[in-house]
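**Student:** The following block contains a protein sequence and its predicted model.
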Amino acid sequence: MGMRKFETTLGGRKLVVEVGEVAKQAAGSVLVKYGDTVVLSVCVSKESEVAQDFFPLMVLYQEKLYAAGKIPGGFLRREGRSSEHETLVSRLIDRPIRPLFEEGFSDEVQVINTVLSSDPDYSSEIAALIGSSIALTISDIPFLGPIAGCQVGYIDSKYVINPTVQQKEISSIDLTVAGTYEAINMVEAGAKQVSEEEMLNALLEGHKVIQEVCLFIKEIESEIGVPKRVPLLAKIDADLEKEIKKVVGKDLIKAVSIFDKLERYHKIDELTLKTVESYKDKVFIKKIGTTETFDFDAQKAYLEQVKTICAHIVRDEVRRLITIDKIRPDGRKIDEIRPLSSRVGLLPRVHGSALFTRGQTQSLGTVTLGSLQNNQIIDGISLEETKRFMLHYNFPQFSVGETGRYGTPGRREIGHGALGERALFQVIPSEDEFPYTIRVVSEILESNGSSSQATICAGSLALMDAGVPIKALVAGIAMGLISDGKNYTILTDIQGMEDHEGDMDFKVAGTRNGICALQMDIKIKGINKVILKEALEQAKKGRLELLDHMETTISSPREELSFYAPKVEMIKINPEKIREVIGSGGKVINAIREANNNVEINIEQNGKVIVMHQDINVVRKTIAEIKDIAREPEIGTVYEGKVVRVENYGCFVELWPGTEGLVHISALDSKRVEKTEDVCNVDDVILVKCVSIDEKGRMVLSRKDALSSGLSTERINQKKLGIARPVTQSDRHDYKDKGHGNRFNNKDKKF
């Protein structure tokens, strides 16, 4: 087959799919072109000789930096391990694909997406998701798709499909949704406190596009798709299942209702192990030529089936209790949240901390503040190069009473951290409002479901404890779904067993004003509008209940930062003055740093100066010194200045260190002056008005004009000042009476 090209539109822009030219040895391969974005999506599979009890699916999304015309950083100058973004996109593609393989299918499947060319305005993530679906659909792999996906924005009360980078910046919704023609089966969203109705409509708008793309993929399949192979499915022996239910079924059903999680799982594991042990004596023989030998593989598969049957008994009982009896394993009502407790400020040296507990799930949230130089550097194909706000999620095995692997974070930890970061990012103050790098860390100390949402609650409380002026508290709640095809039940605040045995994990985070983040994963083929609407409404009720509790712990950000947190002040100077502040070879700014206890100074090209130090007095002193260097006189303004040189043609007056101007003898007084010394001498402090600045930057000052403004100089000569300040009409009485002090200086905003 030669190269075939298929075209459609996506979000009003052309999408091209090419098949048959590249990667022809893969089971399925397509080249997806969306604008200047080009993604190669391929799938391969290895048939399993023996049915397994798990499905080894691997989805990989990888960005080649040459796609954006970049050379990788680091010593090796080549792409290394997957970035967090690549990991998150891999998960995003995996989640809608995984439910569309038959239960019991255990052949190894790999789906690899490689970004070859990147146009930021044409999503490579969506191109990869669609490409993965097409590759699987046209291959012989028994995939029950197709699926499709798109991004949805919300700008000026209108929904925008696959918004550009510029549109995303002003959009109040950043939604990625995927699904089949019939229903939605994956959601990932961030939002600026939007209503449930606005979010629901965004989901429905996205599904309309999904349906169009699914029909397009079906057309491709009808033309070039190959027949699907018949998979080897792990099937349950009906007689064995009946026998095990008779032997241990009642005991397993009874164990499901044990309230304590560890005790419940311990009892279930004990009964399962005991049952498996009782079947170990069954002998399996296989012939190799004329020799008979024990078939260990057959025995292993048989015992795995015994174990699976026990798990199915537990699963069926959990689902029956919830859908029919409306009873949950721990005795709660369908919409009841587990017991709550929280406190803040428990770690004395940490900039902000909070402990949030919901039932048997507990998160310790911490906040660390740093300078903007601590921003995370991003080495990727996107336009974003640094990140100011970070949330990291850690899930140690002791949180579930188990031993396990410790090391770099896995896909699950990265995904949960990203969800929490997306939710809290919506309430983080801007860089101008709060010029800090902010890192939140969630340590899961105990877990029985919904730990990512506990992370959001703990992180929100810790931010307030740290004094970060967030817009509002954010709470997260995880919703579940149990459906038997006819009846369904939506659960609020699902625990581990309900998540494991259920059909949906629907996480909603937000403030009192609306939704900040949304994530949905399902194990069935999809859910409809009715279930989505009900889940969102029930989640709102739970979210408000959580916020009621959290506000009793801390209701507004602390007014002052921790003693141990760095203090920051920010000013703006004329960008043309940056060179003077830095000095030749950094001489000036280094001297300022050394004289002020190694204070941290960050100067941006636009003239923004950010000063940071743990001691606020050091910060203020540094700011004053930088202002002196960068200060500029204003024409028409009256200043106090010190006479630094006297000549026969006038005097030179220093307004502040490094800035002086000439008062010509004719401008010293309203009457004729014979000698400059008749009016002033070196070190005298006089009033002068800035009359003009010539093309060479030299100031022309006038004492005569300053006097005509009505300001008295009775006591000016009695005080010698090192720094000048503007003088206004409101100062008039001070020059006649008690002097000016320094109480007219403008105060900068403090953080």
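**Tutor:** Structure's in. What do you need? Numbering: from 1, shown residues only.

**Student:** make it CA atoms for all contacts and neighbour counts henceforth
**Tutor:** Will do.

**Student:** Report the distance from whatever helix or strand Leu136 lives in to the chain centre.
**Tutor:** For Leu136, the enclosing helix or strand under DSSP states H and E is helix 124-138. Helix 124-138 has its C-alpha centroid displaced from the chain centroid by 25 Å (Cα atoms, centre = their mean, to the nearest Å).

**Student:** which residues touch that helix?
**Tutor:** 27-34, 37-43, 61, 89, 93, 97, 111-115, 118, 143-151, 217, 220-221, 224-226 (Cα atoms under 8 Å, 6 or more residues apart in numbering).

**Student:** burial of Val44, as a residue count?
**Tutor:** 19 (other Cα atoms under 10 Å).

**Student:** oh, I was asking about Ser45
**Tutor:** Neighbours of Ser45 (other Cα under 10 Å): 18.

**Student:** Grab the nearest non-local neighbour of it.
**Tutor:** Nearest non-adjacent residue to Ser45, counting by Cα to Cα, 6 or more residues apart in numbering: Val109, 4.4 Å away.

**Student:** Look at the one you found and give its secondary structure.
**Tutor:** strand (DSSP: H, G, I helix; E, B strand; the rest coil).

**Student:** For it, give its distance to Gly28.
**Tutor:** 11 Å (Cα to Cα, to the nearest Å).

**Student:** Which one's more surrounded, the two?
**Tutor:** The residue with more neighbours, out of Val109 and Gly28, is Gly28; 28 against 17, by other Cα under 10 Å.

**Student:** Tell me who's in contact with that one.
**Tutor:** Per Cα under 8 Å, 6+ apart, neighbours of Gly28: 42-44, 135-136, 138-139.

**Student:** Which members of those residues are the farthest-apart pair?
**Tutor:** Val44 and Ile138 (11.8 Å; Cα to Cα).

**Student:** Setting the sequence-adjacent residues aside, check what's closest to Lys267.
**Tutor:** Ala255 (6.3 Å).

**Student:** could you say which helix or strand contains Ile97?
**Tutor:** Per DSSP H and E: helix 84-97 holds Ile97.

**Student:** just the helices in the stretch 301-450 of the chain please.
**Tutor:** 411-425 (DSSP state H, counting those that start in this stretch).

**Student:** oh, I was asking about the stretch 451-600 of the chain
**Tutor:** Under DSSP H, counting those that start in this stretch, the stretch 451-600 of the chain gives helices at 451-465, 496-501, 529-553, 578-582, 587-595.

**Student:** wait, which of those is closest to Ser48?
**Tutor:** Short answer: helix 496-501, nearest of the helices of the stretch 451-600 of the chain by Cα to Cα, at 25.4 Å.

**Student:** For the protein, list the residue farthest from the centre, please.
**Tutor:** In the chain, Glu674 marks the outermost C-alpha relative to the chain mean, sitting 72.7 Å out by Cα atoms, centre = their mean.

**Student:** Relative to Ile665, how far out is that residue?
**Tutor:** Taken as Cα to Cα, the span from Glu674 to Ile665 is 8 Å.

**Student:** hang on, the earlier thing: using the three-state scheme, assign the residue farthest from the centre of the chain.
**Tutor:** coil.

**Student:** residues in contact with it?
**Tutor:** Counting by Cα under 8 Å, 6+ apart, Glu674 has no contacts.

**Student:** same deal with the one 3 residues further on?
**Tutor:** For Glu677, the contacting residues are Val646, taking Cα under 8 Å, 6+ apart as the criterion.

**Student:** Same question for Gly510.
**Tutor:** When contacts are taken as Cα under 8 Å, 6+ apart, Gly510 is in contact with 193, 423, 474-476, 516-517, 543.

**Student:** just the residues you listed now: which is nearest Ile268?
**Tutor:** Closest to Ile268, out of all of the contacts of Gly510 and judged by Cα to Cα, is Gly476, at 30.1 Å.

**Student:** Identify the spatial nearest neighbour of the closest one, chain neighbours not counted.
**Tutor:** That would be Ala509: by Cα to Cα, 6+ apart, it lies 3.9 Å from Gly476.

**Student:** that older thread, filter the contacts of helix 124-138 down to just the buried residues.
**Tutor:** Among the contacts of helix 124-138, those classed as buried by 16 or more other Cα atoms under 10 Å are 27-34, 37-43, 61, 89, 93, 97, 111-115, 118, 143-151, 217, 220-221, 225.
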